[in-house]
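Participant: From the sequence below, what's the structure:
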Amino acid sequence: GNVDMDVYGNGVTVTGDNSTVTLEKGGSITVPKDTDYGYYALAAYDGTINMNATAGANTVKLDGDIFVTSEGKVNLGLANEYSYLKGIVDNGGIANVTLKNGAVWTNEANNKRYIQDNEDVGTTDQRSHVTKLTGGKTFDDAGTIVQTANSKPLYIDNLDGAVKINYTGQDVTDTNPETKLNNGVTIDKAVKDSQIALFTTNAGIKTDDEDSVNAVLNALANKLYYNAYKDGERNLTGVAVGMDEGLTASSVTKQANIQFIEATGQGSLSGSASDGTGINPDTGVEDDGSGD
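Facilitator: Numbering: from 1, shown residues only. Model (predicted):
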């Protein structure tokens with residue numbers, strides 16, 4: 001059946017060798033937010049948590065971060081328009097997420113991690129790291145990742161399918177737009193014919209000025225890195241950026257295909273290094289909080 005949890009603590013936790021908790025369907029899990037301690041909706045310290053792992057048509061609502069250590073694994077399916085995750089994926093192990101059919105992941109941390117607690121060794125910068133992200137077959141049945149003004153970088157080891165990324169609720173203008181759009185997305189590798197689309201709203205943009213529009217579109221493209229492109233992989237295709245009227249609106253003011261810069265794998269409108277910002281600042285390596 002479905003779970004229904006609203007708790008002052010962690011939602012589901014595994015802490016034992018080869019332990020597994022399987023939630024075959026969906027439900028809702030809500031944990032505290034705005035605290036200085038790491039309360040998690042799902043926390044795999046040692047073992048595996050499966051929640052709608054087969055990505056069935058079950059509604060999953062998670063209000064809380066996900067935490068995975070090097071000995072942990074989480075398999076999560078967000079697979080319908082009512083499903084969502086509001087939180088980061090603080091992952092130093094294996095975190096596989098399916099995001100499709102209109103499901104929404106708002107990539108924003110709920111709490112500060114309590115780094116003095118040794119069991120909570122993970123990321124200290126509130127970034128998200130997904131081992132495998134499975135999207136829809138096309139943009140029509142894709143899910144959406146929301147990068148808010150408070151979002152940190154997102155690193156995806158492997159992308160399979162189509163996903164949308166919406167930079168929403170941010171101070172986006174046509175003046176130095178690259179400084180207004182917060183934190184990038186890295187795709188390390190992709191399965192053939194995978195697709196990604198980046199969007200923002202029209203607020204603050206001179207939509208009747210082509211140079212202004214292109215500056216914003218290029219800034220959006222710059223937020224994307226495709227690391228394997230540098231090594232000759234060409235599996236991330238059909239990529240576009242655009243501006244729409246909101247998170248789910250289909251109206252797009254303008255869109256343009258993203259070209260990847262050969263030397264860095266960074267996205268831009270032209271594929272020229274002159275339209276990029278340089279090498280990827282996100283290496284994908286987890287910070288264990290030790291200060292080393």
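Participant: what's near enough to touch the residue nearest to residue 260 when sequence neighbours are not counted?
Facilitator: Distances taken as Cβ to Cβ, 6 or more residues apart in numbering place residue 229 nearest to residue 260, at 4.5 Å, with adjacent residues excluded. The C-beta positions use only the backbone N, C-alpha and C, and glycine is treated the same way. Contact analysis of residue 229 by Cβ atoms under 8 Å, 6 or more residues apart in numbering lists 236, 260, 262, 265.
Participant: biggest separation within those residues, which pair?
Facilitator: 236 and 262 (14.2 Å; Cβ to Cβ).
Participant: Need the single longest strand in this structure, by residues.
Facilitator: Counting residues, the longest strand in the chain under DSSP state E turns out to be strand 65-78.
Participant: other SSEs contacting it?
Facilitator: Here strand 65-78 touches strand 40-51, strand 60-63, strand 84-86, strand 89-91, strand 94-99, going by 3 or more Cβ pairs under 8 Å, 6 or more residues apart in numbering; DSSP states H and E.
Participant: Please name whichever of the ones you listed is nearest to residue 282.
Facilitator: Checking the helices and strands packed on strand 65-78 against residue 282 by Cβ to Cβ gives strand 89-91 as the closest, at 13.6 Å.
Participant: The closest one pairs with which strands, parallel or anti?
Facilitator: If you go by DSSP bridges, strand 89-91 pairs up with strand 65-78 (parallel).
Participant: picking that back up, pull out the buried residues from the contacts of residue 229.
Facilitator: Buried members of the contacts of residue 229, counted by 16 or more other Cβ atoms under 10 Å: 236, 260, 265.
Participant: would you list the residues you listed in TSV and tack on distance to residue 208 and pLDDT?
Facilitator: Compiled in TSV, the buried ones among the contacts of residue 229 are given as follows (distance: Cβ to Cβ, whole Å; pLDDT from 0 to 100):
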residue	distance to residue 208	pLDDT
236	32	97
260	29	97
265	33	97
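Participant: Pick the one among those residues closest to residue 126.
Facilitator: residue 265 (23.8 Å).
Participant: Give the residue spans of this protein that score low on pLDDT.
Facilitator: Low-confidence segments of the chain (pLDDT under 70): 114-124, 169-182, 203-204, 244-253, 287-292.
Participant: what about 80?
Facilitator: Scanning the chain for pLDDT under 80 picks out 112-125, 168-182, 201-209, 243-254, 286-292.
Participant: mind checking which of the helices and strands packed on strand 65-78 is nearest residue 201?
Facilitator: When the helices and strands packed on strand 65-78 are ranked by proximity to residue 201 (Cβ to Cβ), strand 84-86 comes first, at 19.5 Å.
Participant: That closest one pairs with which strands, parallel or anti?
Facilitator: In the sheet, strand 84-86 lines up against strand 60-63 (parallel), strand 104-106 (parallel) (DSSP bridges).
Participant: Can you lay out these as TSV showing distance to residue 39 and mean neighbour count?
Facilitator: Compiled in TSV, the strands paired with strand 84-86 are given as follows (distance: least, Cβ to Cβ, whole Å; neighbours: other Cβ atoms under 10 Å):
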stretch	distance to residue 39	mean neighbour count
strand 60-63	11	22
strand 104-106	17	23
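Participant: how about the ones you listed in JSON lines, adding distance to residue 75?
Facilitator: Listed next are the strands paired with strand 84-86 as JSON lines, based on distance: least, Cβ to Cβ, whole Å:
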{"stretch": "strand 60-63", "distance to residue 75": "12"}
{"stretch": "strand 104-106", "distance to residue 75": "15"}
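Participant: about what we covered before: and the residue nearest to residue 260, which of the three is it?
Facilitator: helix (DSSP: H, G, I helix; E, B strand; the rest coil).
Participant: for residue 213, same thing?
Facilitator: At residue 213 the chain is in helix, as set by three-state DSSP.
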